[in-house]
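*Asks:* Build me a model from this:
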Amino acid sequence: MQTITMKFGGTSVGSPEAITNVANIVQAEVERGNRVVVVVSAMSKVTDALHESAKMAAARNKWGYVSHADKIRFRHDEAINLLMRPGDARESVLNEVAALVEELVEVCQAVSVLREATPRITDHIVSFGERLSSRVIAAVLAERGIVAQAFDASDLIVTDNRFGSANPLWNETQDAIDKILHPALEGGITPVVTGYIGATDSGEFTTLGRGGSDFSAAIFAATTDSDELIIWTDVDGVMTTDPRLDSRAKVLRYVSYQEVGELAYYGAKVLHPKTVQPIVDKGIPLRVRNTFNPDFPGTLIGAESEPSSTIIKAVTSVRRVSLLTVSGRGMIGVPGIAGRTFLAAANAGASIMMISQSSSEQSFCFVVMEDDAQPVKRSIERELDDEIANRNVEKVEVVKDVAIVTAVGAAMRGTPGVAGRVFTVTGENEINVLAIAQGSSECSISFVVAEDDLERAVVAVHDLALDGIRIAEGSV
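*Replies:* So this is what the prediction gives:
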């Protein structure tokens, strides 16, 4: 008997038809004699509606948040009524949905009185999406004779109080899962657990950041010693690039933890960037599969880098970023300028995505999300006020409308000429590269281009990945 953790995303649970696919997948695994931990997202677009409800409540728009609540209840009721027979079980879950929606409205009313949706109260409001979907899916599985039970991750994942992007407290989380989830599995129950949410040790709802249901699933896989983690989504697997940018994109059969971590961090939407963290040490294999094409094997993600003739495996990109440059002839040989700059960026609440420095130390640049650029600039100027006054630092400049393009592949390590090939093709396509960075792992090369050049840059570098695939397939 194996233990398999399966996570189903918003589109995978977004309609009665999609939920039927989920139930078929889980039922087939249970009938094979395996234990299954089911982790679910909110129905598609429900989390967005809940965020809007919080804002409407703060603006005292009662009609708006009540209307959203009614629509959310209708979607869940519709799925229940279509997928369950009339009877006590159906009435029971309909009543659970009604009670949760009523609680949602009450929380919004409290926000309306306060006229402020704090991060803490917003996390409480958005938690209703997963809490609702988990009840529906557990009831649908039970309708098929599976001993299923809904569990709230707020009872299982203990986090710090960084509302909106909380971090798990690992020892406390393991203790809670040992106490609650392990006995359920050993008792033959198929748990249906809310993704995305947790709670502080005082019981306040938290969320793990947008897309955090993947991270939740990895936490449950690690803490239950699962044999495999499967992320069920609406694509066939991890692809060589975004098919919206290049229709030639192909599904990758295998990638390593390190490669997929780079892909997720630099814009690939198929996984949350933190997903692999909890499962790396335990060596739990991860597979990405399509709920709507369950016969396709998807992409396997494992610990080892697989030998491949494809030096560049995939190309990904991040839009809506800005490039900040700190420059000045007086910076040469002055210790601490970069460290203080990055501390100032952190104090502004920004995450630095990429760093590049000239060998002369007269300038360095880094990339942050577009919305963070001006607050970071002001924070740096305050921190380096004396250096700017003394002309050691001449300017802190923000370049907008840029994007990051990243080529990823473990085989790039130790292979000469990869960077040369990347920048040769960008040059041949008349794409101006504004900054370049390569990590010490040599698993990826990132560079910044004008956003108008993004699609051409991705297609040009993707050609290199496709050339490798054609060589591997013997088609050239």
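*Asks:* Quick check: closest non-adjacent residue to T5.
*Replies:* A221 (4.0 Å; C-beta to C-beta, 6 or more residues apart in numbering). Bear in mind the C-beta positions are built from the backbone N, C-alpha and C, glycine included.
*Asks:* T415 too?
*Replies:* Looking at T415 with C-beta to C-beta, 6+ apart, the closest residue is I311, at 5.4 Å.
*Asks:* What separation do you get for that neighbour and G237?
*Replies:* From I311 across to G237, the span is 20 Å (C-beta to C-beta, to the nearest Å).
*Asks:* Same check on K274?
*Replies:* 19 Å.
*Asks:* and the residue located most distally from the centre of the chain, what pLDDT?
*Replies:* Farthest-out residue of the chain from its mean C-alpha position, per C-alpha atoms, centre = their mean: N390, at 43.3 Å. On the pLDDT scale, N390 is placed at 88.
*Asks:* Go ahead and confirm it touches R329.
*Replies:* No: look at N390 against R329 with C-beta atoms under 8 Å: they stay out of range, at 11.7 Å.
*Asks:* The longest helix seen in the chain packs against which elements?
*Replies:* Scanning the chain for the longest helix, with DSSP state H as the assignment, gives helix 88-114. Under the contact criterion of 3 or more C-beta pairs under 8 Å, 6 or more residues apart in numbering; DSSP states H and E, helix 88-114 touches helix 46-58, helix 62-83, helix 119-143.
*Asks:* Which of these has the highest mean neighbour count?
*Replies:* With neighbours defined as mean count of other C-beta atoms under 10 Å, those peak in mean count at helix 119-143, which reaches a mean of 24.
*Asks:* what's the angle from that helix to helix 46-58?
*Replies:* Angle between the axes of helix 119-143 and helix 46-58 is 140 degrees (criterion: axes from the mean of the first three to the mean of the last three C-alpha atoms, to 10 degrees).
*Asks:* immediately after the helix or strand where V288 lies, which helix or strand?
*Replies:* According to DSSP states H and E, V288 maps onto strand 286-290. Sequence order places strand 299-302 as the next helix or strand after strand 286-290, per DSSP H and E.
*Asks:* by contact count, what packs against that next one?
*Replies:* strand 254-256, helix 257-265, strand 286-290.
*Asks:* can you put the ones you listed in TSV and add distance to D401, mean neighbour count and mean pLDDT?
*Replies:* Formatted as TSV, the helices and strands packed on strand 299-302 follow (distance: least, C-beta to C-beta, whole Å; neighbours: other C-beta atoms under 10 Å; pLDDT from 0 to 100):
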stretch	distance to D401	mean neighbour count	mean pLDDT
strand 254-256	31	21	90
helix 257-265	22	24	82
strand 286-290	32	22	96
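*Asks:* out of these, nearest to V111?
*Replies:* The minimum distance between V111 and the helices and strands packed on strand 299-302 falls on helix 257-265, with 32.8 Å, by C-beta to C-beta.
*Asks:* now what about the closest one, what contacts it?
*Replies:* 238, 255, 268, 270-273, 275-276, 279-280, 286, 301-303, 305, 313-314, 316, 353, 406, 408-410, 441, 443-444 (C-beta atoms under 8 Å, 6 or more residues apart in numbering).
*Asks:* How much space separates V111 from K55?
*Replies:* Taken as C-beta to C-beta, the span from V111 to K55 is 9 Å.
*Asks:* Give the residues shared as contacts by these two.
*Replies:* A117.
*Asks:* Report pLDDT for the residue nearest to F423 when sequence neighbours are not counted.
*Replies:* Leaving out its chain neighbours, the residue that sits closest to F423 by C-beta to C-beta, 6+ apart is V433, at 6.5 Å. V433 carries a pLDDT value of 95.
*Asks:* Let me know the angle separating the strand or helix carrying V193 from helix 119-143.
*Replies:* According to DSSP H and E, V193 maps onto strand 190-194. Counting by the same axes, to 10 degrees, strand 190-194 lies at 160 degrees to helix 119-143.
*Asks:* Quick one: list the elements packing against strand 190-194.
*Replies:* strand 35-40, helix 119-143, strand 148-151, helix 170-186, helix 213-223.
*Asks:* Adjacent strands (with direction) for the shortest one?
*Replies:* Paired strands of strand 148-151, with direction, are strand 190-194 (parallel) (DSSP bridges).
*Asks:* now the strand it pairs with: mean pLDDT?
*Replies:* 98.
*Asks:* Would you state the strands of the stretch 251-400 of the chain in chain order?
*Replies:* Ranges of strands in the stretch 251-400 of the chain, per DSSP state E, counting those that start in this stretch, are 254-256, 286-290, 299-302, 314-327, 354-357, 363-369, 395-408.
*Asks:* For those, give me TSV that also has distance to V93.
*Replies:* What follows is these, written out as TSV (distance: least, C-beta to C-beta, whole Å):
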stretch	distance to V93
strand 254-256	39
strand 286-290	27
strand 299-302	34
strand 314-327	40
strand 354-357	47
strand 363-369	40
strand 395-408	43
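*Asks:* Quick one, which of the ones you listed gets closest to F74.
*Replies:* strand 286-290 (27.4 Å).
*Asks:* Partner strands of that closest one and their direction?
*Replies:* Checking strand 286-290 against DSSP bridges gives partners strand 228-233 (parallel), strand 299-302 (antiparallel).
*Asks:* Render the CA-only coordinates of it in PDB, please.
*Replies:* Taking Å, rounded to 0.1, in the frame of the first residue of the first chain, the C-alpha atoms of strand 286-290 are listed here in PDB:
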ATOM      1  CA  LEU A 286       6.500  14.900  -7.800                       C
ATOM      2  CA  ARG A 287       4.400  14.500 -10.900                       C
ATOM      3  CA  VAL A 288       2.400  17.200 -12.700                       C
ATOM      4  CA  ARG A 289      -0.700  15.900 -14.500                       C
ATOM      5  CA  ASN A 290      -3.800  17.100 -16.300                       C
END
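*Asks:* just to revisit the earlier point, in terms of neighbours, single out the busier of I311 and G237.
*Replies:* The residue with more neighbours, out of I311 and G237, is G237; 24 against 20, by other C-beta atoms under 10 Å.
*Asks:* and the closest residue to the more buried one other than its chain neighbours, how many neighbours?
*Replies:* Of all residues not flanking G237 in the chain, T299 sits nearest, at 3.3 Å (C-beta to C-beta, 6+ apart). Neighbourhood size, T299 [other C-beta under 10 Å]: 23.
*Asks:* Got a PyMOL select line for the buried ones in the contacts of helix 257-265?
*Replies:* With 16 or more other C-beta atoms under 10 Å as the criterion, this PyMOL line picks the buried residues out of the contacts of helix 257-265:
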select buried, resi 238+255+268+270+271+272+273+275+276+279+286+301+302+305+313+314+316+353+406+408+409+410+443+444
